[in-house]
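>>> sequence and computational prediction follow.
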Amino acid sequence: MEILQYSIRKLFSGIPLILGVTFISFVLMVYFGPDKTYELLGKNPTPEEIAEVRVQLGYDQPFVVRYADYLRELATLDFGNSDSTGERVDALLARTIPVSLALTAPGFVLGNVLGILLALFAAYYRSTWVDKTIMASAVIGMSISFLIVIIGFQIIFASSYGLGWFPVRGWSVNSIGDYFSYVAVPTMATVFVALGYNTRFYRSVLVEEMTRDHVRTAKAFGVPPTKLFYKNILKNSLIPIITRIVFSIPLVIISGSLLIESYFGIPGVGKITYDAIVSGDQPVLKAVVGLTAILFVLAQLLTDIMYRAVDPRITLK
């Protein structure tokens, strides 16, 4: 009951965030965004034709009315039809979001799990050659552009110039084997880049925890190193780790998959977002921005609940 009551309060407190994000995005992308009037009319339209199309598109409505319509669409999840394809936006998202989740989930999970393990290893051997090697490798991974990594891995593992083990482009998944073959290169590229950022962040969190008084006390009482790292260091470092992981989820689903899907031609939500930006497809852009804001509110709620799960001393207020 406490969690339910807290969840309701948290969702209501997230409304200002959603309103702020949607208002800014509406002003930038919709109200001052591309005007599709002349795109639909072609060359040399008459004033009457221009006025008629603007009425059909809703451009003749006042700003407040158009923004209120956007909030109504967000509340009902009814964003109409895509300007580019004519497909209903809700159907478009229902078809593409699962693809993006299936594409990004392996790299996201592996990047964080391996990052925590490497961070533990580096922290355990702090200031030794092991720690310095891991941190130097992390910096190298961070310094290489994600696009360069994608191209490099594609050439090495997917193209005829390299090993040619995996498909170069597309998403024709009819079996579990097809799935692994299509996600292999994107997953390796994602892990390669994310591992540097994750390892450095998690190591800094763990090293800071290692300086706490309770850790020094446990050492003085002869607690074995393995138990010390698991019970006294890792468990007490979970709050910043959880925060980083959970708040990365909305970004991974949208912006993280945008570059991968656009490059590999994978029909996920990142690909349709990229196409919508290029073509000025306002219904799709409004849906993606609005749903991303909602995802951040839900991520904040999930983070607070997980705080309570890992540390019972935290109260939900």
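Alright, I've got the coordinates.
>>> distance of Pro267 relative to Ser100?
9 Å (CB to CB, to the nearest Å). In this view, the C-beta of every residue, glycine as well, is placed from N, C-alpha and C.
>>> where does pLDDT dip in this structure?
1-14, 29-42, 57, 215, 221, 253-256, 304, 306-317 (pLDDT under 70).
>>> surely Leu74 meets Val289?
No: if you go by CB atoms under 8 Å, Leu74 and Val289 don't touch, sitting 9.4 Å apart.
>>> got any residues that touch both of those two?
Among the neighbours of Leu74, those also in contact with Val289 (CB atoms under 8 Å, 6 or more residues apart in numbering) are Thr22.
>>> from what I see, Tyr124 and Thr226 are in contact.
No: in this structure Tyr124 lies outside contact range of Thr226 using CB under 8 Å: 9.4 Å.
>>> these two: who's more crowded?
Relative neighbour count places Tyr124 above the other of Tyr124 and Thr226, with 17 against 9, counting by other CB atoms under 10 Å.
>>> and the nearest residue to the more buried one once chain neighbours are set aside, how many neighbours?
Residue nearest to Tyr124 in three dimensions, not counting chain neighbours: Phe229, with 6.4 Å by CB to CB, 6 or more residues apart in numbering. Residues lying near Phe229 (other CB under 10 Å) number 20.
>>> distance of Phe229 from Asp131?
For Phe229, the distance to Asp131 under the criterion CB to CB works out to 14 Å.
>>> one step back: give me the more crowded residue out of Pro267 and Ser100.
Counted by other CB under 10 Å, Pro267 and Ser100 do not tie: Ser100 has more neighbours, with 26 against 15.
>>> can you pull the contacts of the nearest residue to that one once chain neighbours are set aside?
When the adjacent residues along the chain are set aside, Ser100 lies closest to Gly268, with 3.6 Å between them (CB to CB, 6+ apart). Neighbouring residues of Gly268 by CB under 8 Å, 6+ apart: 96-97, 99-100, 103, 171, 257, 261.
>>> helices of the stretch 51-200 of the chain, start to end?
63-76, 89-124, 129-143, 146-157, 176-210 (DSSP state H, counting those that start in this stretch).
>>> list the buried residues for the last one?
I take that to be helix 176-210. Applying a neighbour-count criterion of 16 or more other CB atoms under 10 Å, the buried positions in helix 176-210 are 181-203, 205-207, 209-210.
>>> what's the next secondary structure element after that helix?
helix 213-220 (DSSP states H and E).
>>> so can I have JSON lines of the contacts of Gly268 showing distance to Tyr59?
As requested, the contacts of Gly268 are arranged in JSON lines below (distance: CB to CB, whole Å):
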{"residue": "Thr96", "distance to Tyr59": "27"}
{"residue": "Ile97", "distance to Tyr59": "29"}
{"residue": "Val99", "distance to Tyr59": "33"}
{"residue": "Ser100", "distance to Tyr59": "31"}
{"residue": "Leu103", "distance to Tyr59": "36"}
{"residue": "Trp171", "distance to Tyr59": "36"}
{"residue": "Ser257", "distance to Tyr59": "31"}
{"residue": "Glu261", "distance to Tyr59": "31"}
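>>> farthest pair within these?
Distance extremes for these: the farthest pair is Ile97 and Trp171 at 13.7 Å, using CB to CB.
>>> then the particular helix or strand that has Leu19 in it to PDB, C-alphas only?
Leu19 belongs to helix 15-25 when elements are defined using DSSP H and E. What follows is the C-alpha trace of helix 15-25 in PDB, where atoms were taken according to Å, rounded to 0.1, in the frame of the first residue of the first chain:
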ATOM      1  CA  ILE A  15       3.300  16.000 -14.600                       C
ATOM      2  CA  PRO A  16       5.300  19.400 -14.500                       C
ATOM      3  CA  LEU A  17       8.200  17.600 -16.100                       C
ATOM      4  CA  ILE A  18       6.100  16.200 -18.800                       C
ATOM      5  CA  LEU A  19       4.400  19.500 -19.400                       C
ATOM      6  CA  GLY A  20       7.800  21.300 -19.500                       C
ATOM      7  CA  VAL A  21       9.400  18.900 -22.000                       C
ATOM      8  CA  THR A  22       6.300  18.700 -24.200                       C
ATOM      9  CA  PHE A  23       5.900  22.500 -24.300                       C
ATOM     10  CA  ILE A  24       9.600  23.100 -25.300                       C
ATOM     11  CA  SER A  25       9.500  20.300 -27.900                       C
END
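>>> from now on call the first residue 848
I'll keep to 848 as the first residue from here, and by that count the last item is helix 862-872.
>>> what does that helix rub up against?
914, 917-918, 921, 1132-1133, 1136-1137, 1139-1141, 1143-1144.
>>> nearest to Gly999, of the residues you listed?
Distances from those to Gly999 were compared by CB to CB; the smallest belongs to Thr1139, at 29.3 Å.
>>> measure the closest one to Leu864 for me?
Between Thr1139 and Leu864 the distance is 11 Å, computed by CB to CB.
>>> between these two, which has more neighbouring residues?
When neighbours are counted by other CB under 10 Å, Thr1139 and Leu864 differ, and Thr1139 comes out ahead with 20 against 14.
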